[in-house]
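>>> Sequence below, structure please.
(2 chains, ligands or ions: 3)
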Amino acid sequence: MLFTLTWRGAVGTAVALPWLFAAWFTPSRANVGGRITILERPGAKTTDLANAVVYLEPAGLGRGNPAPTPVEIVMQSRQFIPRVRVVTAGSTVLFPNQDPFRHNVFSNTGPAMFDLGLYGRGDSKGATLRKAGAFPIFCNIHARMSAFVLVVPTPFFTQANADGRFTISGVPPGSYTLRVWHDRGGEHTRPLNVPSDGVTELEASLDARGYKSVQHKNKFGQPYSPAGRDRY
Amino acid sequence: MIAISGTQPAVPQRTGATNLPAASETPSHSNLSLAWKIFLASAAVIFTVLGGTLLLTTLSARRTADQGVARGLDQTRRLVTVLLEGRERELASGALVFAQGPAFRALVIDKRPEDLLDQGMEAVQQIGASWVQITDAEGVRLAKSDEPTASQDTLAGSVLIGSALEGKVAAGAGIAGDSAIFQAVAVPIPGVTQVAGVLMAALLIDSALAVSIKEATASNIIFFVLDRDGKPRLAASTLGRGPAIAEFLARHEVAKSTEPTAPTKVLGTGDTARSSATGFATRSPMKLSLGDTSYVGNAQPLRSAGGDILGGVIALRSRDLEMAPFVEFRRRIFIAAVLGMALASALSYLLAHRITRPIITLVDATQRVADGDYSAEVTVRTRDEIGTLASAVRTMLMALREKQALVDFLSTSGVATERTNNPPTPRARLSSATPSSSELLPGIMFAGRYEITDLLGAGGAGVVYKAFDQELGEVIAIKTLRTETMSEDPAALERLKSEIRLARRISHRNVVRTHDFGEAEGVYFLTMEFVAGTPLDQLIARTGRIPVAGTLSIATQICRALEVAHEQGIIHRDIKPQNLMVQPDGVLKVMDFGLARLERRTEGLTRVGMVVGTLAYMSPEQLLDENVDARADLYAAGVVLYECLTGRRPLEADSPAVFIGKLLADTPPSPRELNGEVPAALSDLIMRTIAGDRNLRPGSAAELRKQLTRSEA
Ligand SMILES: Nc1ncnc2c1ncn2[C@@H]1O[C@H](COP(=O)(O)OP(=O)(O)OP(=O)(O)O)[C@@H](O)[C@H]1O
Ligand SMILES: [Cu+2]
Ligand SMILES: [Mg+2]
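Numbering: from 1, shown residues only, chains lettered A, B, ... in the order given. Ligands and ions are numbered 1, 2, ... in the order given. Okay, here's the model as predicted:
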């Protein structure tokens, strides 16, 4: 249960800080809420709505860089937990290892290249992500481990609940671009005018029907196993 | 049920019997009727054929099933080999791929047990192994995926790990615990310059595998391991884990490999170990009974990489199951057979009845005849042998009825009794007869052996006595012949002798049997069968006429007698009522065959004693002294019948001359005109028989008889 508390703490921090900052800056704030649904292949059920990220990009130039949001992605039982994290640009993501063996966290994606090297239980290493974007994070030892850090250039963001509901609070009325991201469902973008009394019943639908899982390469850009084999 | 009475004489052969004694008794071999016999015989044939067919097909099906079992076991053996090899290859290639992983190799070089335990679990997942273990370059175990606490033993001593340490990929069976058997491969983990360690992957041989083999081959499968004492223990099976299996395994203690250690099995270097593996043998063909299914099986060994037999796989097949489709087939055949049999039985029953119904009618008729009842009607009119038999029975019945009529007539007219009880006194008879040169008296012994007992009568040829033949102890009749003719003409004697020789040959119930011809005390004589009957002339004289049925019987019997005589070339020439004796039992006997020649040829019509009564029976051709043939006798018979039916001769005359005149000029009235009871056909037939032109008469006695039969039908 330790990781759950940590995760909740991180969410709390992520939501509270921009709100406090904005509350001090402008007098009138509104809530933007709604619900995300994902179109699946026939017969499939969506179980990972919490991996959906919603954020609002202010129209025109932004108000400068928002404050960094430090978060953790725990490595446990050969998994990154949670699988998706959203942070503001410049934030540092920590990867504590809670498994009894070593992991090697790395990212090979352009602006966020990093390799934290092998480290064992109890150790935690962090990576600071400065550029906005969706960055896949892997372990060099365990081919099936993968996570995403979504770096956004705005303080108005959130992650959906397990049922797809979301609320972004403290949004100043005005024109925005609403962006919804999901690791399987891709991206949904639409202009949104936020009135002073906010928006409550937004409906956004992503399409995961064309999603195909592809085995990523290891940190050397090679397959984890030297020969691809057909098994059964 | 109708008794079979085929053993009874259908026609009474005994001349003196009007009723057959004890003839109604049924001497039968079995109580089955002919219909049943025919039916049972055909049913037996059907049974035999169908039963034989079933037996043969069962035998061949059993042989086929045995062959099927053997073939199935062979196929299973091959499939098991192929399947196990395939699994082994799969396992080896998975392990090889995993061992190539750079991160993995780096972790092996680092030798951290916790990392390698993690890698082991990764490998299990990726390779699809049951478990894996990882050693370092010295063969010391670093991790075992299913046993996090496994100690750091040295495994280099095992052939499997040892070969991998040498850089080869090795494979073979292994035992885990005391009853688990698995397939194992060991692959080298490449280091920087040399082997960094060994990855060994194991795949359990479990029930799932056994089941999948069974699905593919329909054979039941038992995997077993050999414990340290070489005793087989069940590892996995498609037949459960019951005590019967354990007992079966214990019974078939597998011979431990005695051959020298087989070469290490190394994948990719040629499969030398595999061929020697076939040396695995059990003492006898394996047999297993489970419930009511019995199995036959064979075994095939599972060897370690070093070539030791660690266990094996037994394939079992059931002949019962192999036979199952046939059993179903046989069940259907059987049903069809039963149906067919029922049908065939019904058919043969009907057929038997069709065949036997007329026979039963005939049997019934003959049985009634045997009981003295001649009234049965034989209605069978088929065209086969039975039809022929039926018409024969019909004819016989008719003859019997007629004879019975004659017998009835005889007994009611009182003729029979009178004749037997009151013989004419010799004096009276003799006085009326032509005196003869020699006369014998009752009581004297004649020719040294014949004791004269009675005078029977006198005729044209001589005197007839009843005598007792002391030589043979038999009653006979002796007829003395007038000697004048013989002494006058010696050739006549010779002619007479030859005629008698011929006549002696006739042996027939309707012909008086001639015994002997001889001369004693200057008297030529003839001995013959004594007939206790009435001459037909007396019968007619006393009763006026004879009923139609009786006449027909007389006619038939005359014909029969003439048939046999004519057949031998003997013509009677003197058929007349005086020469036809009727016994009280209705049997008629023709007398004096061969004697007609005695006088007439020389004396002709003017002979002394020749009266119209004799002339009346002579055919015109005979009177004219032409060549006489059988038809002359028919003519005479016709006149006799005419007389029987009407009480008079066709032509009545006071003198021979008048008679001859009438014969040439008149046509006699038909019998029917004189007696209305005579059927027209019979009347016509008689008229034809006494036709002056012999060509108009029936051609033979047989022909006359046939026409007689037809005329009454
Ligand atoms: N075998 C015999 N058994 C019993 N009686 C006989 C036998 N033979 C002849 N008789 C009797 O003797 C009689 C005389 O017979 P016989 O043959 O001598 O004279 P026929 O028949 O009247 O004339 P024919 O001389 O032309 O034959 C017969 O009428 C018959 O009654
Ligand atoms: Cu890892
Ligand atoms: Mg006579």
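
>>> And the pLDDT at the residue of chain B most remote from its centre?
Within chain B, the residue lying farthest from the chain centre (CA atoms, centre = their mean) is B:D110, at 98.0 Å. pLDDT recorded at B:D110 is 91.

>>> what are the phi and psi values for it?
When read as degrees, to the nearest 10, the backbone of B:D110 gives phi -70, psi -20.

>>> A:L192 now?
Torsion angles, degrees, to the nearest 10, at A:L192: phi -140, psi 130.

>>> Tell me the bridge partners for it.
A:Y176 (DSSP bridges).

>>> List the contacts of it.
Contacts for A:L192 were tallied using CB atoms under 8 Å, 6 or more residues apart in numbering or on different chains; they are A:V32, A:L56, A:S175, A:Y176, A:T177, A:L178, A:V199, A:L202. (Glycine included, C-beta is placed from N, CA and C.)

>>> Show me the two of those that sit farthest apart.
A:S175 and A:L202 (15.1 Å; CB to CB).

>>> So between those two, which is more surrounded?
A:L202 (18 against 13; other CB atoms under 10 Å in any protein chain shown).

>>> Which residue, neighbours along the chain excluded, lies closest to the more buried one?
Take A:L202 and drop its neighbours on the chain: the residue closest to it by CB to CB, 6 or more residues apart in numbering or on different chains is A:G34, 2.7 Å away.

>>> For that neighbour, list each beta-bridge partner.
Counting by DSSP bridges, the residues bridging with A:G34 are A:F166, A:L202.

>>> Kindly provide the distance from it to ligand 2.
36 Å (CB to the ion, to the nearest Å).

>>> close enough to count as contact, that residue and A:S205?
No. Using CB atoms under 8 Å, A:G34 is not in contact with A:S205; the gap is 10.8 Å.

>>> higher neighbour count, the two?
Legend: neighbour count by other CB under 10 Å for A:G34 and A:S205, higher for A:G34 (20 against 13).

>>> can you pull the contacts of the more buried one?
For A:G34, counting by CB under 8 Å, 6+ apart, the contacting residues are A:V54, A:R165, A:F166, A:V199, A:T200, A:E201, A:L202, A:E203, A:A204.

>>> Taking these, please make a ChimeraX selection of just the buried ones.
Per 16 or more other CB atoms under 10 Å in any protein chain shown, the buried members of the contacts of A:G34 correspond to this ChimeraX selection:
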select /A:54,166,199,202,204
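
>>> Now pLDDT too, for the contacts of A:G34, in TSV please.
What follows is the contacts of A:G34, written out as TSV (pLDDT from 0 to 100):
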residue	pLDDT
A:V54	96
A:R165	95
A:F166	96
A:V199	91
A:T200	88
A:E201	89
A:L202	92
A:E203	93
A:A204	92
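
>>> would you turn the contacts of A:G34 into CSV with distance to ligand 2?
Formatted as CSV, the contacts of A:G34 follow (distance: CB to the ion, whole Å):
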residue, distance to ligand 2
A:V54, 30
A:R165, 33
A:F166, 31
A:V199, 41
A:T200, 42
A:E201, 42
A:L202, 38
A:E203, 38
A:A204, 34
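
>>> ok, so of the contacts of A:G34, who is nearest A:G221?
When these are compared for distance to A:G221 (CB to CB), A:V54 wins out at 33.0 Å.

>>> From what I see, the closest one and A:T177 are in contact.
No. Assessed by CB under 8 Å, A:V54 is found out of contact with A:T177, at 11.6 Å.

>>> where do the helices sit along chain A?
A:2-25 (DSSP state H).

>>> Who are the contact partners of residue 187?
Went with chain A since none was named. Contacts of A:E187 by CB under 8 Å, 6+ apart are A:R179, A:V180, A:W181, A:L206.

>>> I was after chain B.
Contacts of B:V187 (CB under 8 Å, 6+ apart): B:A92, B:A95, B:L96, B:A99, B:A164, B:V169, B:V198, B:L199, B:M200, B:A201.

>>> repeat that with 6 Å
Residues in contact with B:V187, defined by CB atoms under 6 Å, 6 or more residues apart in numbering or on different chains, are B:A95, B:L96, B:A99, B:A164, B:V169, B:L199.

>>> and those as TSV, adding pLDDT, secondary structure and neighbour count?
Below are these laid out as TSV (pLDDT from 0 to 100; DSSP: H, G, I helix; E, B strand; the rest coil; neighbours: other CB atoms under 10 Å in any protein chain shown):
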residue	pLDDT	secondary structure	neighbour count
B:A95	94	helix	28
B:L96	92	helix	23
B:A99	93	helix	28
B:A164	94	helix	31
B:V169	93	coil	20
B:L199	96	strand	29
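
>>> for those residues, which one is nearest ligand 1?
B:V169 (130.0 Å; CB to the nearest ligand atom).

>>> May I ask you to confirm that that closest one is in contact with B:L91?
No. Counting by CB atoms under 6 Å, B:V169 sits too far from B:L91 to count as a contact (10.3 Å).

>>> which among the contacts of A:L192 gets closest to B:L685?
Of the contacts of A:L192, the one sitting nearest to B:L685 (CB to CB) turns out to be A:L202, at 136.3 Å.

>>> Please, where are all the helices along the stretch 351-500 of chain B?
Secondary structure of the stretch 351-500 of chain B (DSSP state H, counting those that start in this stretch): helices at B:385-413, B:415-421, B:426-432, B:483-488, B:490-504.

>>> Same question for the stretch 151-300 of chain B.
B:159-165, B:207-217, B:243-251, B:272-276.

>>> so which of these gets nearest ligand 1?
Each of these has some distance to ligand 1 by CB to the nearest ligand atom; the shortest is helix B:243-251, at 102.3 Å.

>>> For residue 70, grab the count of nearby residues.
Answering for chain A, as no chain was given. Neighbours of A:P70 using other CB under 10 Å come to 15.

>>> My question was about chain B, not that one.
14.

>>> ok so it is a strand residue?
No. Counting by DSSP: H, G, I helix; E, B strand; the rest coil, B:A70 falls outside a strand, being helix.

>>> And it, how far from B:G297?
11 Å (CB to CB, to the nearest Å).

>>> B:A201 against B:E90, yeah?
No. The criterion here is CB under 6 Å, and B:A201 misses it with B:E90 at 10.0 Å.

>>> Is it correct that B:R513 is in contact with B:V531?
No. Taking CB under 6 Å as the definition, B:R513 is not a contact partner of B:V531, at 9.5 Å.

>>> how does chain B divide up, domain by domain?
B:62-322, B:414-530, B:534-713 (automatic domain parsing).

>>> ok, residue 190 - contacts?
Here I'm looking at chain A. So, once contact is read as CB under 6 Å, 6+ apart, A:R190 ends up touching A:L178.

>>> Can you list the low-confidence ranges for chain A?
A:1-27, A:61-65, A:226-232 (pLDDT under 70).
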